[in-house]
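**Student:** Build me a model:
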Amino acid sequence: MINEVTQDADKRMAKSIDALKHDLTKLRTGRAHPSLLEHIKVSYYGSETPLSQVANIAIENSRTLAVTTWEKDMIGVVEKAIRTSDLGLNPATAGTVIRVPLPPLNEERRRDLVKVIRELAEEARVAIRNIRRDANQMLKDLLKEKAITEDDERRGEVLIQKITDKHVGDIDKIIASKEADLMAI
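**Tutor:** Here you go, the predicted structure:
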């Protein structure tokens with residue numbers, strides 16, 4: 001019983017960390033990376049489609065992405081979608097390739113991004129704490145149903161706290177790495 005509760009909590013906490021990592025890939029750190037454009041939606045035959053499904057996104061050099069659409073008719077639509085996105089990018093079309101230069105980040109923008117990173121980290125920590133609370137409540141419910149003893153409940157709470165501490169530590173490492181990456185460029 002306790003193992004099931006702790007394993008479930010561990011899996012859910014790992015998913016929270018994966019969600020944090022996914023959110024961090026959307027932040028522009030000054031280096032070109034294809035995931036930077038993946039969340040952009042393009043109008044493709046009347047439906048909103050992710051850019052990665054209508055074009056190939058490649059790294060041309062450390063500060064430039066090259067977007068090649070699979071259909072020539074989509075070049076203008078893709079360029080407009082990149083330009084109007086919240087990333088502040090200015091794409092340039094050269095024949096069938098759209099080049100997206102990434103301007104260097106200024107100090108003020110870097111500090112703003114660090115604040116955003118810290119907010120995302122706090123959201124992930126809160127999610128992990130909520131999972132801990134749910135797991136502890138499950139243990140209390142099992143105790144009320146007399147499925148486990150009070151000692152088992154205490155052992156379970158200690159295990160859940162260790163798992164929580166481990167995942168919060170992982171979040172701290174991820175955030176420190178991302179902040180160092182952001183400020184080093």
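**Student:** mind listing what's buried in the helix or strand where residue 5 lies?
**Tutor:** Using DSSP states H and E, residue 5 sits within helix 2-25. Residues of helix 2-25 classed as buried by neighbour count (16 or more other Cβ atoms under 10 Å): 2, 5, 6, 9, 10, 12, 13, 16, 17, 20, 23, 24. Using the backbone N, CA and C atoms, a C-beta is placed for each residue, glycine as well.
**Student:** name the helices or strands packed onto it?
**Tutor:** Using 3 or more Cβ pairs under 8 Å, 6 or more residues apart in numbering; DSSP states H and E, the elements in contact with helix 2-25 are helix 107-144, helix 150-184.
**Student:** now that helix against helix 107-144, angle please.
**Tutor:** Per axes from the mean of the first three to the mean of the last three Cα atoms, to 10 degrees, the angle that helix 2-25 makes with helix 107-144 is 170 degrees.
**Student:** okay, helix 2-25 in PDB with CA atoms only?
**Tutor:** This file holds the C-alpha atoms of helix 2-25, laid out as PDB (Å, rounded to 0.1, in the frame of the first residue of the first chain):
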ATOM      1  CA  ILE A   2       2.700   2.500   1.000                       C
ATOM      2  CA  ASN A   3       4.800   1.600  -2.000                       C
ATOM      3  CA  GLU A   4       2.000   2.300  -4.300                       C
ATOM      4  CA  VAL A   5       1.300   5.700  -2.800                       C
ATOM      5  CA  THR A   6       5.000   6.600  -2.900                       C
ATOM      6  CA  GLN A   7       5.500   5.400  -6.400                       C
ATOM      7  CA  ASP A   8       2.500   7.300  -7.600                       C
ATOM      8  CA  ALA A   9       3.800  10.500  -5.900                       C
ATOM      9  CA  ASP A  10       7.200   9.900  -7.400                       C
ATOM     10  CA  LYS A  11       5.800   9.500 -10.900                       C
ATOM     11  CA  ARG A  12       3.600  12.600 -10.600                       C
ATOM     12  CA  MET A  13       6.500  14.700  -9.300                       C
ATOM     13  CA  ALA A  14       8.700  13.600 -12.200                       C
ATOM     14  CA  LYS A  15       6.000  14.700 -14.600                       C
ATOM     15  CA  SER A  16       6.000  18.100 -12.900                       C
ATOM     16  CA  ILE A  17       9.700  18.400 -13.500                       C
ATOM     17  CA  ASP A  18       9.300  17.300 -17.100                       C
ATOM     18  CA  ALA A  19       6.700  20.100 -17.500                       C
ATOM     19  CA  LEU A  20       9.100  22.600 -16.100                       C
ATOM     20  CA  LYS A  21      11.800  21.500 -18.500                       C
ATOM     21  CA  HIS A  22       9.400  21.800 -21.400                       C
ATOM     22  CA  ASP A  23       8.400  25.300 -20.300                       C
ATOM     23  CA  LEU A  24      12.100  26.300 -20.000                       C
ATOM     24  CA  THR A  25      12.800  25.200 -23.600                       C
END
